[in-house]
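Student: just the structure for this:
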Amino acid sequence: MGPTRHPEHGAENLCPTGAELYERALRSGWVPAGEAAAAPCLVDFGLLHPTVEDLGRLEPVAPAAALHRLLRATEERIAEERRREERLTQTFEPLMRIDGRRTGEPDTSTLAILSGTRRINQAITETMAEASQELLCVQPHAGLVGQRAEEARVVSLVRDQALLDRGGRIRTLYQHTLRHVPSVPAYQEQLNGDVEARSLDEVTARLIVVDRRAAFIPANRDGTLALQVRHPALVEFFTTTFERLWRLATPMFPLTVQQPSSDRVTPRQRAIAGLLVEGHTDTVIAERLGMNVRTAREHIAKLAATLGSGSRAQLGYLIGQSGILDPEP
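Tutor: As a prediction, this is how the structure comes out:
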(Lines give C-alpha, C1' and ligand atoms only; values in the text may rest on other atoms or scores of the structure.)
Protein backbone atom coordinates (compact mmCIF):
# COMPACT_ATOMS: atom_id res chain seq x y z
CA MET A 1 0.00 0.00 0.00
CA GLY A 2 1.31 3.46 -0.92
CA PRO A 3 1.04 6.61 1.20
CA THR A 4 -2.47 7.91 1.88
CA ARG A 5 -3.39 10.71 -0.46
CA HIS A 6 -4.04 14.00 1.32
CA PRO A 7 -7.76 14.90 1.04
CA GLU A 8 -8.77 17.94 -0.99
CA HIS A 9 -10.10 20.77 1.21
CA GLY A 10 -10.14 24.54 1.53
CA ALA A 11 -8.46 26.76 4.10
CA GLU A 12 -11.82 27.13 5.83
CA ASN A 13 -11.85 23.37 6.55
CA LEU A 14 -8.37 22.56 7.83
CA CYS A 15 -7.76 18.83 8.12
CA PRO A 16 -7.13 17.52 11.68
CA THR A 17 -3.47 16.79 10.88
CA GLY A 18 -2.93 20.27 9.47
CA ALA A 19 -4.72 22.00 12.35
CA GLU A 20 -2.65 20.10 14.95
CA LEU A 21 0.65 20.83 13.18
CA TYR A 22 -0.15 24.53 12.71
CA GLU A 23 -1.09 24.89 16.40
CA ARG A 24 2.17 23.20 17.40
CA ALA A 25 4.15 25.51 15.11
CA LEU A 26 2.47 28.56 16.66
CA ARG A 27 3.33 27.37 20.17
CA SER A 28 6.96 26.41 19.47
CA GLY A 29 7.76 28.91 16.72
CA TRP A 30 8.72 26.26 14.13
CA VAL A 31 8.35 22.62 13.09
CA PRO A 32 10.64 20.31 11.07
CA ALA A 33 9.96 20.57 7.35
CA GLY A 34 9.59 16.80 7.06
CA GLU A 35 6.52 16.80 9.29
CA ALA A 36 4.63 18.99 6.80
CA ALA A 37 4.58 16.11 4.30
CA ALA A 38 1.54 14.75 6.15
CA ALA A 39 -0.24 18.12 5.78
CA PRO A 40 0.91 19.81 2.54
CA CYS A 41 -2.13 22.07 2.79
CA LEU A 42 -0.32 24.26 5.36
CA VAL A 43 2.34 25.25 2.83
CA ASP A 44 -0.21 25.50 0.02
CA PHE A 45 -2.38 27.89 2.06
CA GLY A 46 0.65 29.91 3.14
CA LEU A 47 0.31 29.03 6.84
CA LEU A 48 3.86 27.65 7.06
CA HIS A 49 6.97 28.75 5.17
CA PRO A 50 10.71 27.88 5.31
CA THR A 51 12.90 29.93 7.60
CA VAL A 52 15.68 31.97 6.03
CA GLU A 53 18.32 30.60 8.40
CA ASP A 54 17.40 26.91 8.09
CA LEU A 55 15.44 25.46 5.14
CA GLY A 56 14.85 22.32 7.21
CA ARG A 57 12.52 24.33 9.46
CA LEU A 58 9.09 25.75 8.75
CA GLU A 59 7.81 28.70 10.74
CA PRO A 60 4.16 29.72 11.06
CA VAL A 61 2.57 32.82 9.61
CA ALA A 62 0.62 34.79 12.21
CA PRO A 63 -3.07 33.71 12.12
CA ALA A 64 -4.26 37.32 11.84
CA ALA A 65 -2.03 37.93 8.80
CA ALA A 66 -3.06 34.62 7.19
CA LEU A 67 -6.74 35.36 7.78
CA HIS A 68 -6.43 38.84 6.27
CA ARG A 69 -4.71 37.45 3.16
CA LEU A 70 -7.24 34.63 2.67
CA LEU A 71 -10.20 36.99 3.13
CA ARG A 72 -8.68 39.38 0.60
CA ALA A 73 -8.38 36.54 -1.91
CA THR A 74 -12.02 35.61 -1.27
CA GLU A 75 -13.10 39.21 -1.81
CA GLU A 76 -11.21 39.29 -5.09
CA ARG A 77 -12.95 36.11 -6.28
CA ILE A 78 -16.35 37.53 -5.32
CA ALA A 79 -15.56 40.77 -7.16
CA GLU A 80 -14.50 38.80 -10.24
CA GLU A 81 -17.74 36.79 -10.13
CA ARG A 82 -19.73 40.01 -9.95
CA ARG A 83 -17.83 41.36 -12.95
CA ARG A 84 -18.59 38.11 -14.76
CA GLU A 85 -22.30 38.49 -13.93
CA GLU A 86 -22.24 41.98 -15.39
CA ARG A 87 -20.54 40.77 -18.58
CA LEU A 88 -23.06 37.91 -18.94
CA THR A 89 -25.96 40.33 -18.47
CA GLN A 90 -24.54 42.71 -21.05
CA THR A 91 -24.08 39.84 -23.51
CA PHE A 92 -27.51 38.25 -23.13
CA GLU A 93 -29.79 41.25 -22.56
CA PRO A 94 -29.90 42.24 -26.27
CA LEU A 95 -30.30 38.58 -27.26
CA MET A 96 -33.30 38.17 -24.92
CA ARG A 97 -35.10 40.93 -26.82
CA ILE A 98 -34.98 38.89 -30.02
CA ASP A 99 -38.19 36.98 -30.93
CA GLY A 100 -37.77 33.56 -29.31
CA ARG A 101 -40.44 31.69 -31.26
CA ARG A 102 -37.77 29.83 -33.23
CA THR A 103 -35.58 28.97 -30.26
CA GLY A 104 -35.51 25.68 -28.36
CA GLU A 105 -37.18 24.92 -25.08
CA PRO A 106 -35.51 25.91 -21.78
CA ASP A 107 -33.25 23.47 -19.95
CA THR A 108 -36.24 22.41 -17.82
CA SER A 109 -37.50 20.23 -20.72
CA THR A 110 -37.77 16.50 -20.16
CA LEU A 111 -35.18 15.75 -22.88
CA ALA A 112 -32.09 17.78 -23.74
CA ILE A 113 -29.02 17.10 -25.89
CA LEU A 114 -25.71 18.05 -24.27
CA SER A 115 -22.73 18.67 -26.54
CA GLY A 116 -19.10 18.31 -25.46
CA THR A 117 -17.48 16.62 -22.47
CA ARG A 118 -17.28 19.86 -20.51
CA ARG A 119 -20.98 20.65 -20.89
CA ILE A 120 -21.95 17.06 -20.08
CA ASN A 121 -19.88 17.04 -16.89
CA GLN A 122 -21.25 20.44 -15.91
CA ALA A 123 -24.84 19.22 -16.27
CA ILE A 124 -24.10 16.10 -14.21
CA THR A 125 -22.41 18.20 -11.52
CA GLU A 126 -25.34 20.64 -11.38
CA THR A 127 -27.85 17.80 -11.10
CA MET A 128 -25.86 16.01 -8.41
CA ALA A 129 -25.51 19.23 -6.40
CA GLU A 130 -29.26 19.00 -5.80
CA ALA A 131 -29.24 15.26 -5.05
CA SER A 132 -29.49 13.74 -1.58
CA GLN A 133 -30.59 10.12 -2.06
CA GLU A 134 -28.85 7.86 -4.58
CA LEU A 135 -26.57 7.77 -7.61
CA LEU A 136 -26.83 4.76 -9.93
CA CYS A 137 -24.04 4.28 -12.52
CA VAL A 138 -23.24 1.84 -15.29
CA GLN A 139 -19.59 2.10 -16.38
CA PRO A 140 -18.88 -0.29 -19.29
CA HIS A 141 -15.22 0.68 -19.76
CA ALA A 142 -12.36 2.51 -18.06
CA GLY A 143 -12.90 5.67 -20.14
CA LEU A 144 -10.23 8.36 -20.52
CA VAL A 145 -6.53 7.83 -19.87
CA GLY A 146 -3.67 10.10 -18.88
CA GLN A 147 -4.03 13.65 -17.56
CA ARG A 148 -7.63 14.01 -18.73
CA ALA A 149 -8.57 10.84 -16.86
CA GLU A 150 -6.96 12.13 -13.66
CA GLU A 151 -8.77 15.46 -13.96
CA ALA A 152 -12.09 13.67 -14.55
CA ARG A 153 -11.49 11.43 -11.51
CA VAL A 154 -10.82 14.44 -9.28
CA VAL A 155 -14.04 16.11 -10.43
CA SER A 156 -16.01 12.88 -9.94
CA LEU A 157 -14.46 12.25 -6.54
CA VAL A 158 -15.46 15.67 -5.21
CA ARG A 159 -18.93 15.37 -6.73
CA ASP A 160 -19.55 11.84 -5.44
CA GLN A 161 -18.15 12.50 -1.96
CA ALA A 162 -20.43 15.54 -1.59
CA LEU A 163 -23.46 13.30 -2.21
CA LEU A 164 -22.21 10.74 0.33
CA ASP A 165 -21.64 13.52 2.88
CA ARG A 166 -25.31 14.48 2.48
CA GLY A 167 -26.32 10.95 3.42
CA GLY A 168 -26.74 9.58 -0.12
CA ARG A 169 -25.53 6.26 -1.50
CA ILE A 170 -23.74 5.23 -4.70
CA ARG A 171 -24.08 1.95 -6.61
CA THR A 172 -21.99 1.25 -9.71
CA LEU A 173 -22.10 -1.58 -12.26
CA TYR A 174 -18.90 -2.44 -14.16
CA GLN A 175 -18.00 -5.08 -16.71
CA HIS A 176 -16.06 -8.09 -15.38
CA THR A 177 -13.06 -6.97 -17.45
CA LEU A 178 -12.65 -3.94 -15.14
CA ARG A 179 -12.47 -5.94 -11.90
CA HIS A 180 -8.66 -5.98 -12.07
CA VAL A 181 -8.05 -2.49 -13.52
CA PRO A 182 -6.24 -0.80 -10.58
CA SER A 183 -7.96 2.58 -10.96
CA VAL A 184 -11.45 1.06 -10.60
CA PRO A 185 -11.26 -0.47 -7.09
CA ALA A 186 -8.92 2.37 -6.04
CA TYR A 187 -11.61 4.93 -6.88
CA GLN A 188 -14.19 3.07 -4.76
CA GLU A 189 -11.77 2.95 -1.81
CA GLN A 190 -11.22 6.71 -1.92
CA LEU A 191 -14.89 7.40 -1.26
CA ASN A 192 -16.12 7.53 2.31
CA GLY A 193 -19.74 6.47 2.72
CA ASP A 194 -22.37 4.03 1.44
CA VAL A 195 -20.67 2.82 -1.76
CA GLU A 196 -21.19 -0.49 -3.56
CA ALA A 197 -19.93 -1.89 -6.87
CA ARG A 198 -20.78 -5.06 -8.78
CA SER A 199 -19.80 -6.45 -12.19
CA LEU A 200 -21.34 -8.37 -15.10
CA ASP A 201 -20.05 -9.88 -18.34
CA GLU A 202 -22.29 -7.51 -20.31
CA VAL A 203 -23.74 -4.19 -19.24
CA THR A 204 -25.61 -1.43 -21.01
CA ALA A 205 -23.93 1.66 -22.42
CA ARG A 206 -22.93 4.26 -19.83
CA LEU A 207 -25.86 5.26 -17.64
CA ILE A 208 -26.18 7.71 -14.75
CA VAL A 209 -29.38 8.04 -12.73
CA VAL A 210 -29.55 10.75 -10.05
CA ASP A 211 -32.15 10.48 -7.27
CA ARG A 212 -34.43 8.61 -9.69
CA ARG A 213 -35.47 11.93 -11.21
CA ALA A 214 -32.81 12.56 -13.86
CA ALA A 215 -30.73 10.32 -16.11
CA PHE A 216 -27.83 10.74 -18.53
CA ILE A 217 -27.11 8.39 -21.46
CA PRO A 218 -24.76 8.63 -24.48
CA ALA A 219 -26.22 10.16 -27.65
CA ASN A 220 -23.40 9.04 -29.96
CA ARG A 221 -20.66 6.38 -30.02
CA ASP A 222 -17.70 8.55 -29.00
CA GLY A 223 -19.41 10.07 -25.96
CA THR A 224 -19.22 13.68 -27.12
CA LEU A 225 -23.02 13.96 -27.07
CA ALA A 226 -25.28 12.97 -24.19
CA LEU A 227 -29.03 12.91 -23.64
CA GLN A 228 -30.25 14.39 -20.37
CA VAL A 229 -33.56 12.75 -19.43
CA ARG A 230 -36.06 14.08 -16.91
CA HIS A 231 -39.18 12.34 -18.19
CA PRO A 232 -40.48 10.31 -15.20
CA ALA A 233 -41.46 7.26 -17.28
CA LEU A 234 -38.05 7.05 -18.98
CA VAL A 235 -36.12 7.59 -15.74
CA GLU A 236 -38.19 4.84 -14.10
CA PHE A 237 -37.42 2.54 -17.05
CA PHE A 238 -33.66 3.16 -16.70
CA THR A 239 -33.87 2.63 -12.94
CA THR A 240 -35.72 -0.68 -13.33
CA THR A 241 -33.16 -1.85 -15.90
CA PHE A 242 -30.34 -1.00 -13.50
CA GLU A 243 -32.00 -2.86 -10.61
CA ARG A 244 -32.46 -6.01 -12.70
CA LEU A 245 -28.83 -5.97 -13.81
CA TRP A 246 -27.74 -5.27 -10.21
CA ARG A 247 -29.46 -8.43 -8.93
CA LEU A 248 -27.62 -10.52 -11.56
CA ALA A 249 -24.20 -8.95 -10.89
CA THR A 250 -21.29 -10.27 -8.82
CA PRO A 251 -20.26 -8.16 -5.78
CA MET A 252 -17.00 -6.28 -6.35
CA PHE A 253 -16.81 -3.64 -3.58
CA PRO A 254 -16.67 -3.42 -0.59
CA LEU A 255 -16.73 -7.24 -0.41
CA THR A 256 -15.20 -8.93 -3.44
CA VAL A 257 -16.90 -12.20 -4.40
CA GLN A 258 -15.30 -14.53 -6.92
CA GLN A 259 -17.27 -15.30 -10.05
CA PRO A 260 -18.80 -18.79 -9.99
CA SER A 261 -16.87 -21.31 -12.08
CA SER A 262 -17.37 -24.89 -13.21
CA ASP A 263 -14.56 -27.45 -13.13
CA ARG A 264 -13.53 -26.91 -16.76
CA VAL A 265 -15.00 -23.68 -18.13
CA THR A 266 -14.33 -20.24 -16.67
CA PRO A 267 -17.10 -17.62 -16.30
CA ARG A 268 -15.52 -15.58 -19.10
CA GLN A 269 -15.50 -18.58 -21.44
CA ARG A 270 -19.12 -19.31 -20.56
CA ALA A 271 -20.10 -15.75 -21.52
CA ILE A 272 -18.22 -16.12 -24.81
CA ALA A 273 -19.90 -19.48 -25.45
CA GLY A 274 -23.31 -17.85 -25.12
CA LEU A 275 -22.44 -15.27 -27.76
CA LEU A 276 -20.84 -17.87 -30.04
CA VAL A 277 -24.01 -19.95 -30.24
CA GLU A 278 -25.89 -16.78 -31.14
CA GLY A 279 -23.65 -16.51 -34.21
CA HIS A 280 -21.68 -13.38 -33.30
CA THR A 281 -18.26 -12.63 -34.82
CA ASP A 282 -15.09 -12.35 -32.74
CA THR A 283 -15.20 -8.55 -33.08
CA VAL A 284 -18.76 -8.31 -31.77
CA ILE A 285 -18.00 -10.70 -28.91
CA ALA A 286 -14.98 -8.64 -27.87
CA GLU A 287 -16.99 -5.41 -27.98
CA ARG A 288 -19.90 -6.87 -26.00
CA LEU A 289 -17.61 -8.22 -23.27
CA GLY A 290 -15.28 -5.22 -23.05
CA MET A 291 -12.08 -6.88 -24.27
CA ASN A 292 -9.87 -6.65 -27.35
CA VAL A 293 -10.32 -9.08 -30.25
CA ARG A 294 -7.03 -10.86 -29.57
CA THR A 295 -8.06 -11.68 -26.00
CA ALA A 296 -11.47 -12.87 -27.17
CA ARG A 297 -9.83 -15.22 -29.69
CA GLU A 298 -7.51 -16.60 -27.01
CA HIS A 299 -10.53 -17.43 -24.84
CA ILE A 300 -12.31 -19.02 -27.82
CA ALA A 301 -9.23 -21.17 -28.53
CA LYS A 302 -9.08 -22.33 -24.89
CA LEU A 303 -12.80 -23.09 -24.92
CA ALA A 304 -12.39 -25.11 -28.14
CA ALA A 305 -9.49 -27.05 -26.60
CA THR A 306 -11.50 -27.77 -23.46
CA LEU A 307 -14.47 -29.11 -25.43
CA GLY A 308 -12.31 -30.92 -28.02
CA SER A 309 -13.54 -28.89 -30.99
CA GLY A 310 -11.76 -28.89 -34.35
CA SER A 311 -13.82 -26.19 -36.08
CA ARG A 312 -16.03 -23.19 -35.41
CA ALA A 313 -19.16 -25.06 -36.50
CA GLN A 314 -18.31 -28.04 -34.31
CA LEU A 315 -17.61 -25.72 -31.37
CA GLY A 316 -21.15 -24.35 -31.50
CA TYR A 317 -22.55 -27.90 -31.50
CA LEU A 318 -20.32 -29.02 -28.61
CA ILE A 319 -21.28 -25.95 -26.55
CA GLY A 320 -24.94 -26.91 -26.92
CA GLN A 321 -24.23 -30.54 -25.99
CA SER A 322 -21.95 -29.72 -23.05
CA GLY A 323 -24.61 -28.09 -20.90
CA ILE A 324 -22.33 -25.24 -19.88
CA LEU A 325 -25.03 -22.73 -20.80
CA ASP A 326 -27.70 -24.48 -18.76
CA PRO A 327 -29.06 -22.42 -15.84
CA GLU A 328 -27.45 -23.04 -12.47
CA PRO A 329 -29.55 -25.44 -10.32
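Student: residues in contact with the nearest residue to residue 213 once chain neighbours are set aside?
Tutor: Setting aside the residues directly before and after it, residue 213 is nearest to residue 235 in space (CB to CB, 6 or more residues apart in numbering), at 6.3 Å. From N, CA and C alone the C-beta is placed, and that goes for glycine too. Contacts for residue 235 (CB atoms under 8 Å, 6 or more residues apart in numbering) come out as 209, 212-215, 229.
Student: now the element after the helix or strand hosting residue 235, going C-ward?
Tutor: Mapping residue 235 onto the secondary structure by DSSP states H and E places it in helix 232-248. Note on helix 232-248: by DSSP H and E, the next helix or strand toward the C-terminus is strand 250-253.
Student: list the buried residues in that following strand.
Tutor: For strand 250-253, the neighbour count (16 or more other CB atoms under 10 Å) marks 250, 252-253 as buried.
Student: ok, the residues you listed vs residue 7, which is closest?
Tutor: Within these, distances to residue 7 taken as CB to CB reach their minimum at residue 253, with 19.6 Å.
Student: follow-up on the earlier one: which one among the buried residues of strand 250-253 gets closest to residue 65?
Tutor: When these are compared for distance to residue 65, the smallest value, 45.1 Å, is given by residue 253; criterion: CB to CB.
Student: what about residue 227, which SS state?
Tutor: Secondary structure state of residue 227, per DSSP: H, G, I helix; E, B strand; the rest coil, is strand.
Student: that one and residue 242, how far apart?
Tutor: Using CB to CB, to the nearest Å, one obtains 16 Å as the distance from residue 227 to residue 242.
Student: more neighbours: which of these two?
Tutor: The residue with more neighbours, out of residue 227 and residue 242, is residue 242; 22 against 16, by other CB atoms under 10 Å.
Student: residue contacts, that one?
Tutor: Counted by CB under 8 Å, 6+ apart, residue 242 has contacts 136, 138, 171, 173, 207, 209.
Student: now the angle between strand 225-229 and the helix holding residue 235, please.
Tutor: Between helix 232-248 and strand 225-229, the angle comes out at 110 degrees (axes from the mean of the first three to the mean of the last three CA atoms, to 10 degrees).
Student: could you pull up phi and psi at the most centrally placed residue in the chain?
Tutor: A centroid search over the chain (CA atoms, centre = their mean) returns residue 156, at 5.2 Å, as the residue closest to the centre. Phi and psi for residue 156, reported as degrees, to the nearest 10, are phi -60, psi -40.
Student: and what of the one 10 residues further on?
Tutor: Listed backbone geometry of residue 166 is phi -90, psi 10, with angles given as degrees, to the nearest 10.
Student: please report how far it lies from residue 193.
Tutor: Residue 166 sits at a distance of 9 Å from residue 193 (criterion: CB to CB).
Student: for residue 202, which non-adjacent residue is spatially closest?
Tutor: Residue nearest to residue 202 in three dimensions, not counting chain neighbours: residue 288, with 5.5 Å by CB to CB, 6+ apart.
Student: from what I can see that neighbour touches residue 203, true?
Tutor: No. Here residue 288 does not reach residue 203: they are 9.7 Å apart, not a contact under CB atoms under 8 Å.
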